[in-house]
Each structure stands twice: as structure tokens, then as C-alpha cells.
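Peer 1: Sequence first, then the predicted structure, then my questions.
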Amino acid sequence: MAFFELICALYFVFNFQYALRSFEILVRLYFLILPIILLFLPMFYIYLLSVTTVSFRFKQKYLWHFLPAFVILLANLPFLFASYQERLAYISHSFDSANYNSVILYLTVVYVVGIFGVLSAQLVYYFYMAVKLYKSHRKYIENHYSFTENISLNWIVALMASLVLFFISNQMLYMFGIDHSFFSPLYYNIVMLGITLFMGYYALYQRDLKPSELSLSFVASESVEIPDVLPVNANVGNVLSTEEQVVAAEENVTVKDENEDDEKVEETKSQGKYVGSALSTEHKMLLVKRLEALMFEEKIFVNDSLSVEDVANRLGTNSKYVSQVINEQYGKNFYNYINSYRVEEAQKLLLSGGMEKYTILGIAQMVGFGSKSSFNSSFKRITGLTPSEFMKANGS
């Protein structure tokens, strides 16, 4: 995002120089403007990859996204060999049919192809890829996190819609011949600046997806053997009999790296997804018991940053098996599973009396919600009522 904002800054410098009619500067650097424009969408897409991929690292294959900008840069090189008067005429649009020579015609064709051809293709392609990435990321966080604050990409939807509308409207201004009016550059620069600031603001609050120490141990090797005996927490040890520990000891399973080739595994409620899983019925029931003990006795759901890796760490297993148990046993993803306990705990607090001194946000934070909006939406989805409506219905 820092590189993206730097590119935007360079572009605005060019625009500012053009508005001031500083052709003495642009006559030397104008050939860089179109390649810079063609870097916007690829750079933003790679930013999206960086915030939706656990332990993201820039790979050499990502350089292909910059190929169109590089090709246009090469195509623009004849600009450097044109005469000063030709470059000045091309930049200032002061040429007429008499001096509309081959160099100016060539550079104009490159510009039209770049703006109306390459940029349009980029917009369609990266819009499709961003939507696809957004859907995949949304499913991923629902199966790995109990919260969405600062890790969801809901702001991307508004941003992409704004980009499409802006692109269409700007092209219409050009088609109707009013692109050189006073209104057109004013509109263009205000909207571009607004979009840039919008992206920078939300990017500052966007959190990286980082695996827990346990999941890092799984990433370290191609397959990792789960401990023969699941470690028993002192608070939940009473739910495990000797026979159950023997069952756990007989389990010898391996887990594949969930992040191979930076692809997230899409988990669903369908049991067909887990056909061939090494998790036996006995081991599954053991995990269910220990999972319920963590929820009912330790109430770990009050941790507002709880992830499936955290739960797996406590259970001495891997996140894939925790997700499988939750999907198959409860028919929920991890996000809905944890929030159902939070809402249940919130209902108890709201009905217990003596909670009048606390705000709705205060109660939400007590049970593990990071924001009032997520609390309200989860509460209404589960109970059919908002917290305020629930309190009124129960005379609180």
C-alpha cells in the first residue's frame, strides 16, 4: 500500500504540473505518466493478496502483473527521441493537421490503446479477481476467526464500485468532448484524491493474517505428526477418561500445510468435504467434549481476538480438525459457532439484573465482541431481536 500511495503521489504531481502548464518539466517526463497509471490496479491487487494471505511474501510470478505497464513504457520511448517542439505540441495538444506528424500520431495511438484498451482490460480483470478474492477471504475468516474487525474486506466492495463508476463517468466526459472543460479536471482530481485517501485510511487499519505458533509449526514441514496423547488442560481434564486418552493415543494422523501455494482451503458445511479425513469418530467425539469444556467451563469465547488456531492450540490438534468438528457436529463455521456462545452469554447477562450501569457496547465487550455493530448483527441473527428489543421483551 505504501508503494501504491507513492505511485498515486507521483501521478498527482504530474497532474499538478499539467494544471500549472509547467510544460518545461513535463516535456522530459511525460512518457512516464501512462505506465504509472497502468501500475495502479496491479499494485492494488497485490496489496489485496498481501492482506488475505497468511505470512505473505512477494513472489517473482507477481511481476507479470506489471508487464502491461512495462510494455507501454517501452512503446513510449520514441517520445524521448522526438524534437522539443514535437513533444511540446503533443503534451499541450497545440498541434493541428499541418504538424500532426508520424511521431505525434504514434504517441497518440499508444495513449489511446493504453487508456481505452489496456486500462479497460485491467479494470475488468482486476475487478473480477478482487471480487473472487473477497469472497474467498470472507469464507476464510468465517472459518478461522471469531471476529471480522480490521480483517474483513467489506470496504473493498465500496471501493471497487466507486472505481467502476468513476471510470465510466470519466470516459463519458471524454466521449462527449467536455474532458478539457474546467469541470472535468476538477471532478477527476477530487474523485481520484478521495479514492486514494479512502484506500490509505482503511489500509492503515487492515490487519495482516498471521498464523499462531502452532500453525507455524505445521507450515515448517510438509506433514507434521500430531502428538500421540492430546495434552490435557487442568481445567478440562475431568472430562477425559483413561479410555478416551487411549483412543487419542491410537490416533496417528498428519496434516497438510493449509497455505500451500498461498491458496486458502474453502471449508463448507457439507460433510462430503471431509471424505477421506484421518479424523476417526472416536477422536472426533473426544475433540467435541474438550471443545465444549473450553466453552462452558473456561469460556474462552470472551477473548475478542480468538482464532481457530488458538482453539486448536489449546486442544493439542490442528485447525483443520477443529473446523471439521465444528462444521460436522454443529453445522456452523467457526465465526458463527463462537458468536453463538457470546450471544448466549450476553443473554444471561442482560437477564441477570444489575447490568443497568453497563452500555450495550460494554456488555458486548464483556462477552468477546470487538464492536457494537458485530454484536448487534450476531445477536439479531441468532435471536431474531436486537439487544435493546430483547431487553424490552424481557422487561429489563
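Peer 2: Yep, that arrived.

Peer 1: need the next SSE after the longest helix anywhere in the chain, C-terminal direction.
Peer 2: Once the chain is assigned using DSSP state H, the helix that runs over the most residues is helix 119-144. Sequence-wise, the next helix or strand downstream of helix 119-144 (DSSP states H and E) is helix 154-175.

Peer 1: Can you tell me what sits against that following helix?
Peer 2: 48, 116, 120, 123, 127, 130-131, 134, 148, 179, 184, 187-188, 191-192, 195, 198-199, 202 (CB atoms under 8 Å, 6 or more residues apart in numbering). In short, each C-beta sits where N, CA and C put it, glycine included.

Peer 1: Now restrict the residues you listed to buried residues only.
Peer 2: 48, 123, 127, 130, 134, 148, 184, 188, 191-192, 195, 199, 202 (16 or more other CB atoms under 10 Å).

Peer 1: Show me what the helix or strand containing residue 293 packs onto, helices and strands only.
Peer 2: Following DSSP H and E, one finds residue 293 within helix 281-293. Secondary-structure packing of helix 281-293 (3 or more CB pairs under 8 Å, 6 or more residues apart in numbering; DSSP states H and E): helix 242-250, helix 308-315, helix 319-330.

Peer 1: In terms of mean pLDDT, which of those helices ranks lowest?
Peer 2: Lowest mean pLDDT within those: helix 242-250, at a mean of 38.

Peer 1: Now find how far off-centre stretch 197-204 is within its chain.
Peer 2: Centre-to-centre, stretch 197-204 and its host chain are 13 Å apart (CA atoms, centre = their mean, to the nearest Å).

Peer 1: In CSV, list the C-alpha atoms belonging to it.
Peer 2: What follows is stretch 197-204, C-alpha atoms only, in CSV (Å, rounded to 0.1, in the frame of the first residue of the first chain):
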residue,chain,number,x,y,z
LEU,A,197,-7.4,8.8,0.8
PHE,A,198,-10.2,6.3,1.3
MET,A,199,-7.8,3.4,0.4
GLY,A,200,-5.0,4.7,2.6
TYR,A,201,-7.3,5.2,5.6
TYR,A,202,-8.7,1.7,5.6
ALA,A,203,-5.3,0.1,4.7
LEU,A,204,-3.9,1.6,7.9
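
Peer 1: So which bits of stretch 46-57 are buried?
Peer 2: 46-54, 56.

Peer 1: In CSV: these, plus secondary structure, pLDDT and distance to residue 34.
Peer 2: Below are the buried residues of stretch 46-57 laid out as CSV (DSSP: H, G, I helix; E, B strand; the rest coil; pLDDT from 0 to 100; distance: CB to CB, whole Å):
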residue, secondary structure, pLDDT, distance to residue 34
46, helix, 92, 20
47, helix, 89, 21
48, helix, 87, 23
49, helix, 89, 24
50, helix, 87, 26
51, helix, 84, 28
52, helix, 83, 29
53, coil, 83, 30
54, coil, 78, 35
56, coil, 84, 29
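
Peer 1: quick check, nearest of those residues to residue 323?
Peer 2: Residue 323 has its nearest neighbour among the buried residues of stretch 46-57 in residue 54, at 14.7 Å by CB to CB.

Peer 1: ok and the longest helix of the chain relative to helix 154-175, angle-wise?
Peer 2: 170 degrees (axes from the mean of the first three to the mean of the last three CA atoms, to 10 degrees).

Peer 1: buried sites along helix 119-144?
Peer 2: Buried residues in helix 119-144, defined by neighbour count with 16+ other CB under 10 Å: 119, 122-123, 126-127, 130, 133-134, 137-144.

Peer 1: coming back round to it: among the buried ones among the contacts of helix 154-175, give me the pair with the biggest separation.
Peer 2: Distance extremes for the buried ones among the contacts of helix 154-175: the farthest pair is 148 and 184 at 39.0 Å, using CB to CB.
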